[in-house]
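Enquirer: Fold the following for me, if possible:
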Amino acid sequence: METIYLDHAATAPMDQRVVEAMTPVMMDVFGNPSSVHSFGRKARRYLDEARRTMAKSIQASEKEIVFTNGGTEADNLALIGVAQANKDKGNHIITTAQEHHAVLHTAEYLEQQGFDITYLPVDETGSVNIDDLKEALTDETILVSVMYVNNETGMIQPVEAIGNLLKDHQAYFHTDAVQAFGMLAIDVEKFGIDLLTVSSHKINGPKGNGFLYVSNGVNIEALQFGGEQERKRRPGTENVPGIVGFQKAVELMMTDREQRKQTYGDYKEQFMKQLSENGVTYEVNGVLEHSIAPIANLSFPGANVELLLTNFDLDGIAASSGSACTAGSIEPSHVLSAMYGDNDERTTNSIRFSFGAFNTHENVIEAASRVAKIVKRLTD
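Expert: The predicted structure is shown next:
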């Protein structure tokens, strides 16, 4: 039985061309990029070239790119670094109730440190209301953090409108763009973004790599101490082979983005059509027209997340849910709770299917057929 991977939003397989780009660097480029001798300079050239690629991908300057070990570290650096560096201007931070836990848990930590955090609601489509943000802004607000694309529903947030709103305010604008980066064209200057988070493994690059865009002039403190790497914002010897692999993944993404959007969107449409043709009742969480191509978050009335995921796995289907299963109990998805309320059954009967490089039209149809049989068996 073929196992079929429908969880690309969690992590994506490394592209073979990424592996090929990394291999000679791992073998031959072992110098420390901070060293002044020829071995160090050779490593530095790879690092500098990668930084230019990252900057180009979001229309930024290479001096504004800080390499990190992934999206979570970048989110932590953005929130805590800005909060600590700007507390003389105010102690108010605005985010949303549906952020990734890398942002939510960081915001909770900052609350413990005395910062005032506002968690904006979202409507039933999963969208932030700009008027709610306007009302929440105060003279004490120093940072607004709103994710570009939600990792569970794929819903695209009004990032450009938020950036425009904040242009005349002291608050910096941070967006976690981990899910958006591979699917949407990003122009940080045009969109008024001050800080932006990206992760390598979501776009078929290696795990353990990411970057934080920090616009020139943003006041931010380092969270770690040591050397002077990354303009003193993130000390520690850079992972040159991983960064080279990340660079290759970004280059491929920039070349293939439109084709990927078309292909993955076709997979999603095909998958849902097949479910319907097999007589499965489901509802879409969010609005398909306002979501990125690879993600479909579907509610199956009368079903149970834990049973669905267990049976999917036994039948060779890898998917996921925002619900946390701990000691046999189900904690509802915080994203769907924000959209529909804590007691809505969609918070515990919904599955995220996310499509990508491991899929073909054939295995998407096969996956939908297996999913349909399981859902009907568990709900009839």
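Enquirer: From residue 49, how far out is residue 21?
Expert: To residue 49, residue 21 is 11 Å away according to CB to CB, to the nearest Å. For glycine as for every other residue, the C-beta is placed from the backbone atoms N, C-alpha and C.
Enquirer: what's the overlap in contacts for these two?
Expert: residue 247 (CB atoms under 8 Å, 6 or more residues apart in numbering).
Enquirer: Show me which of the two is the more surrounded one.
Expert: Legend: neighbour count by other CB atoms under 10 Å for residue 21 and residue 49, higher for residue 21 (20 against 13).
Enquirer: Just the element for the spatially closest residue to residue 344 that is not a sequence neighbour, please.
Expert: For residue 344, ignoring the flanking residues on the chain, the nearest one in space by CB to CB, 6 or more residues apart in numbering is residue 336 at 7.2 Å. Counting by DSSP states H and E, the element that carries residue 336 is helix 334-340.
Enquirer: which other helices and strands contact the helix or strand that comes right after that helix?
Expert: With elements assigned by DSSP H and E, the helix or strand that comes after helix 334-340 is strand 350-354. Using 3 or more CB pairs under 8 Å, 6 or more residues apart in numbering; DSSP states H and E as the contact test, the elements touching strand 350-354 are strand 295-299, helix 305-314.
Enquirer: wait, which of the ones you listed is closest to residue 123?
Expert: Of all these, strand 295-299 sits nearest to residue 123, with 15.4 Å by CB to CB.
Enquirer: what lines up beside the closest one in the sheet?
Expert: Partners of strand 295-299 in the sheet, by DSSP bridges, are strand 283-284 (antiparallel), strand 350-354 (antiparallel).
Enquirer: Pick the most deeply packed of the ones you listed.
Expert: Among those, strand 350-354 has the highest mean neighbour count (mean count of other CB atoms under 10 Å), at a mean of 27.
Enquirer: What residues of the very next helix or strand once past that one count as buried?
Expert: Next helix or strand after strand 350-354 toward the C-terminus (DSSP H and E): helix 361-379. Neighbour-count burial for helix 361-379 flags 363-364, 366-368, 370-372, 374-375, 379 (criterion: 16 or more other CB atoms under 10 Å).
Enquirer: Ok, stretch 249-261 next?
Expert: By neighbour count with 16+ other CB under 10 Å, stretch 249-261 contains the buried residues 249-253, 257, 260-261.
Enquirer: and the residues you listed as JSON lines, adding pLDDT, secondary structure and distance to residue 176?
Expert: Output for the buried residues of stretch 249-261, formatted as JSON lines (pLDDT from 0 to 100; DSSP: H, G, I helix; E, B strand; the rest coil; distance: CB to CB, whole Å):
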{"residue": "249", "pLDDT": "98", "secondary structure": "helix", "distance to residue 176": "18"}
{"residue": "250", "pLDDT": "98", "secondary structure": "helix", "distance to residue 176": "17"}
{"residue": "251", "pLDDT": "98", "secondary structure": "helix", "distance to residue 176": "22"}
{"residue": "252", "pLDDT": "98", "secondary structure": "helix", "distance to residue 176": "22"}
{"residue": "253", "pLDDT": "97", "secondary structure": "helix", "distance to residue 176": "17"}
{"residue": "257", "pLDDT": "97", "secondary structure": "helix", "distance to residue 176": "19"}
{"residue": "260", "pLDDT": "98", "secondary structure": "helix", "distance to residue 176": "20"}
{"residue": "261", "pLDDT": "97", "secondary structure": "helix", "distance to residue 176": "20"}
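Enquirer: Tell me the one of those residues nearest residue 220?
Expert: Set against residue 220, the nearest of those by CB to CB is residue 250 (23.0 Å).
Enquirer: check contacts around that closest one.
Expert: By CB under 8 Å, 6+ apart, the neighbours of residue 250 are 53-54, 57, 203, 205.
Enquirer: can you rerun that using 7 Å?
Expert: Counting by CB atoms under 7 Å, 6 or more residues apart in numbering, residue 250 touches 53-54, 57, 203.
Enquirer: ok, so what distance separates it from residue 143?
Expert: Using CB to CB, we find residue 250 at a distance of 26 Å from residue 143.
Enquirer: Residue 8 too?
Expert: 30 Å.
Enquirer: Sketch out the low-pLDDT regions of the stretch 251-380 of the chain for me.
Expert: 323-330 (pLDDT under 70).
Enquirer: Got the domain ranges for the protein?
Expert: Following automatic domain parsing, one finds the domains of the chain at 4-12+257-379, 64-235.
Enquirer: Residue 37: which of the ones you listed is closest?
Expert: domain 64-235 (16.6 Å).
Enquirer: Distance across the closest one, terminal residue to terminal residue?
Expert: Terminal residues of domain 64-235 lie 16 Å apart, using CA to CA, to the nearest Å.
Enquirer: Report the mean per-residue pLDDT for it.
Expert: Across domain 64-235, pLDDT averages out at 97.
Enquirer: Residue 8 reaches residue 352, doesn't it?
Expert: No - assessed by CB atoms under 7 Å, residue 8 is found out of contact with residue 352, at 10.1 Å.
Enquirer: Can you check the contacts of residue 250 and name whichever has the most neighbours?
Expert: Comparing the contacts of residue 250 by number of neighbours (other CB under 10 Å), residue 203 comes first, having 26 neighbours.
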